[in-house]
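Quick one: sequence and predicted model below, then my questions.
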There are 2 protein chains.
Amino acid sequence: MPAYKTRAQFVANDLRGRILGGEFPGGSQLRQDALAKDYDVSRIPVREALLTLESEGLVEFHAHRGAFTTELSIAKIRELFELRVLLETYILKRAIPNLTEEQLDDAEGILRKYDAALDSRGQIDNWSEYNFAFHQTLYAPANLPETMAIISQLNTKSDRYIRMQLLYTQEIEKAEREHHTLLALSREGRIEQACQLLETHILEACEGIVSILEGRAQAQQQTLPDTR
Amino acid sequence: MPAYKTRAQFVANDLRGRILGGEFPGGSQLRQDALAKDYDVSRIPVREALLTLESEGLVEFHAHRGAFTTELSIAKIRELFELRVLLETYILKRAIPNLTEEQLDDAEGILRKYDAALDSRGQIDNWSEYNFAFHQTLYAPANLPETMAIISQLNTKSDRYIRMQLLYTQEIEKAEREHHTLLALSREGRIEQACQLLETHILEACEGIVSILEGRAQAQQQTLPDTR
DNA sequence: TTGCCGCAGCTTGTATACAATGTGCAATAA
DNA sequence: TTATTGCACATTGTATACAAGCTGCGGCAA
């Protein structure tokens, strides 16, 4: 049994991982031929995969010139994270009243797996997935699939940068503590405090990323002092 | 000079119009071969167009079974419109302080064209575009491109139903009056009132659509009394 | 030298042809 | 009759082949 229904879907999934993993810096051109050889398929499914990734905002097509990975400006990153605050507090507020014991336990289970992986110094590769799975479990009872879809989309777009932040800082433990607190507040039905915590949780991550990028930009400027 | 850079883009645009225009009821299968003949192109650009429309939520792919137009449940329609309230009041609040005289005049110009078209009983076909153009003009000064993209996406998804509402009710004049009021409030910088009006503007449209759909569903049930 | 034009090569976009999957009908057996 | 199996057809998914557009370099003219 093949892992995916179509080659295009397989390529899209794998390529998404490679882009989010940082293999292609922002602005890289993605040559269809090269990717086709990579995956041993024709260019057709590659093109379809690239179109899918375009709809997720990871890639941009320029007609007759090809596909390029997108590069988010600092302003856009801030915008993305503020949108996440808006939408995620909105959905959390509506999810908490519907949370069942079982769902709360599921969320706690995810956190425990986290902690274990953290102790054993497992690779951080799938931290993002764990992270989103936890949030998703908390949000699901709101029963707002369209909203969830957009939140998921925003998370995908910012994922690269979240990984970058985790690579350069030691924020995982802090995020993890906040997750435990968030879960506790949700369990107790303290909606206001939970949303407040979520907001700072997201915004602090944002500021962490921005400061890394700003530092990097400054370093760049010193290396290339010409103002072209 | 061709109107579009690629055939795939042309097909996507035209097909979007046909779907929004109601040519394909929700759940219709879109046969690639038939569309290819329609546009006198091969199936490749048709497939790419369908993928684009999938990313806009107008179409759903089922592997090896084809593409189908999506059908929104009443619950999802409500969700879409509540998201619009959330995002559009958010962006309007941030746009109003930045609005220049020129932009306000642009918006007024759009309204005037509206009114003229309304008097001359021109086709309502492009009412949706006018409508969105007006809102967009008001929102643009917020300088939040990602947010605008999502708002645009939500509007596309709900567009079919907005057209339906306009077809069945005489709400255009009311909407138009509200637009004038909205513009006036924005001009005066009365953010709170403007957002409040926008909220009811959107929610009342939603309720109009839902009541039409509910009426239709009831009619359906009476025609087909078997409970399959 | 400098600016512009045109061609060559490379990459993307699309048509055609083939492979693979899903669906429905027909034949068979219970 | 009804359920089930298998085959044929319709449709989608993908490979190959070809057309079209862009880019950059070299030559030519000012």
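The structure has been received and is ready for your questions.

rest of the way, CA atoms for contacts and neighbours
OK.

Which stretches in chain A count as strands?
For chain A, the strands defined by DSSP state E cover A:29-30, A:59-62, A:66-69.

For the first one, name the packing helices and strands.
Same thing as strand A:29-30. Where contact means 3 or more C-alpha pairs under 8 Å, 6 or more residues apart in numbering or on different chains; DSSP states H and E, strand A:29-30 is packed against strand A:66-69.

Now do the buried residues in the longest helix along chain A.
Ranked by residue count, the top helix of chain A under DSSP state H comes out as helix A:191-223. Residues of helix A:191-223 classed as buried under the neighbour-count rule (16 or more other C-alpha atoms under 10 Å in any protein chain shown) are A:191, A:194-195, A:197-199, A:201-203, A:205-206, A:208-210, A:213.

what sits against the residue nearest to the spatial centre of chain A?
In chain A, the centroid-proximal residue (C-alpha atoms, centre = their mean) is residue A:159; its distance is 2.7 Å. The contact partners of residue A:159, taken as C-alpha atoms under 8 Å, 6 or more residues apart in numbering or on different chains, are A:20, A:128.

Can you give me the distance of it to residue B:147?
Relative to residue B:147, residue A:159 is positioned 18 Å away (C-alpha to C-alpha, to the nearest Å).

Using a markdown table, lay out the strands of chain A together with distance to residue A:166.
Shown next, in a markdown table, are those (distance: least, C-alpha to C-alpha, whole Å):
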| stretch | distance to residue A:166 |
| --- | --- |
| strand A:29-30 | 26 |
| strand A:59-62 | 23 |
| strand A:66-69 | 21 |
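
burial of residue A:65, as a residue count?
Neighbour count for residue A:65, taken as other C-alpha atoms under 10 Å in any protein chain shown: 9.

count of residues packed around the nearest residue to residue A:143 once chain neighbours are set aside?
Once flanking residues are discounted, residue A:143 sits nearest to residue A:95: 7.7 Å by C-alpha to C-alpha, 6 or more residues apart in numbering or on different chains. Neighbour count of residue A:95, defined by other C-alpha under 10 Å: 21.

same check, this time on the one 4 residues further on
Neighbour count for residue A:99, taken as other C-alpha under 10 Å: 19.

Any idea which residue of chain A lies closest to chain B?
Nearest residue of chain A to chain B (C-alpha to the nearest C-alpha) works out as residue A:55 at 5.6 Å.

Would you confirm that that residue contacts residue B:55?
Yes: the criterion here is C-alpha atoms under 8 Å, and residue A:55 meets it with residue B:55 at 5.6 Å.

on that earlier part again, for the strands of chain A, which one ends up most surrounded?
A comparison of the strands of chain A by mean neighbour count, using mean count of other C-alpha atoms under 10 Å in any protein chain shown, puts strand A:66-69 on top with a mean of 20.

Figure out how far that one is from the centre of its chain.
Mean C-alpha position of strand A:66-69 versus that of the full chain (C-alpha atoms, centre = their mean, to the nearest Å) differs by 20 Å.

Mean pLDDT added to the strands of chain A, as CSV?
Conversion of the strands of chain A to CSV gives the following (pLDDT from 0 to 100):
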stretch, mean pLDDT
strand A:29-30, 98
strand A:59-62, 97
strand A:66-69, 97
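
Specify the stretch among these that is closest to residue A:88.
In terms of C-alpha to C-alpha, the element of these nearest to residue A:88 is strand A:59-62, at 24.6 Å.

Residues contacting the closest one, please?
The contact list for strand A:59-62 (C-alpha under 8 Å, 6+ apart) reads A:50, A:51, A:53, A:54, A:67, A:68, A:69, A:70.

Kindly recompute the last result at 6 Å.
By C-alpha atoms under 6 Å, 6 or more residues apart in numbering or on different chains, the surrounding residues in contact with strand A:59-62 are A:53, A:54, A:67, A:68, A:69, A:70.

what's the closest of those to DNA strand C?
Using C-alpha to the nearest atom of the strand, residue A:67 is the member of the contacts of strand A:59-62 that lies nearest DNA strand C, at 6.3 Å.

excluding its backbone neighbours, what's nearest that closest one?
In space, and not counting its chain neighbours, residue A:67 is closest to residue A:61: 4.4 Å by C-alpha to C-alpha, 6+ apart.

what separates the one you found from DNA strand D, distance-wise?
12 Å (C-alpha to the nearest atom of the strand, to the nearest Å).

Please, where are all the helices along chain A?
Under DSSP H, chain A gives helices at A:7-20, A:32-39, A:43-55, A:74-95, A:101-119, A:127-139, A:145-168, A:172-187, A:191-223.

could you dump those to TSV with distance to residue B:154 and mean pLDDT?
Listed next are these as TSV, based on distance: least, C-alpha to C-alpha, whole Å; pLDDT from 0 to 100:
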stretch	distance to residue B:154	mean pLDDT
helix A:7-20	24	97
helix A:32-39	31	98
helix A:43-55	14	98
helix A:74-95	14	98
helix A:101-119	29	90
helix A:127-139	20	92
helix A:145-168	10	92
helix A:172-187	29	94
helix A:191-223	24	88
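
Can you say which of these is nearest to residue B:187?
Closest approach to residue B:187 among the helices of chain A is made by helix A:74-95 (25.1 Å; C-alpha to C-alpha).

Give me the buried stretch members for that closest one, please.
Neighbour count says helix A:74-95 has A:76-95 buried, by 16+ other C-alpha under 10 Å.

now for that helix, which elements pack on it?
Applying 3 or more C-alpha pairs under 6 Å, 6 or more residues apart in numbering or on different chains; DSSP states H and E, we find helix A:74-95 packed against helix A:191-223.

Report the angle between the helix it packs on and helix A:74-95.
Helix A:191-223 runs at 170 degrees relative to helix A:74-95, counting by axes from the mean of the first three to the mean of the last three C-alpha atoms, to 10 degrees.

for helix A:191-223, the distance to its chain's centre please.
The answer for helix A:191-223 is 14 Å, by C-alpha atoms, centre = their mean.

other SSEs contacting that helix?
When contacts are defined as 3+ C-alpha pairs under 6 Å, 6+ apart, helix A:191-223 sits against helix A:74-95.

Could you tell me the angle between the helix it packs on and helix A:145-168?
Helix A:74-95 and helix A:145-168 are oriented at 130 degrees to each other (the same axes, to 10 degrees).

Off-centre distance for helix A:74-95?
13 Å.

swap in stretch A:22-39?
What separates the centre of stretch A:22-39 from the centre of its chain is 20 Å, taken as C-alpha atoms, centre = their mean.

And DNA strand C, is it touching that?
Yes: legend: contact between stretch A:22-39 and DNA strand C by C-alpha under 7 Å from any atom of the strand is shown at A:29, A:30, A:31, A:32, A:33.
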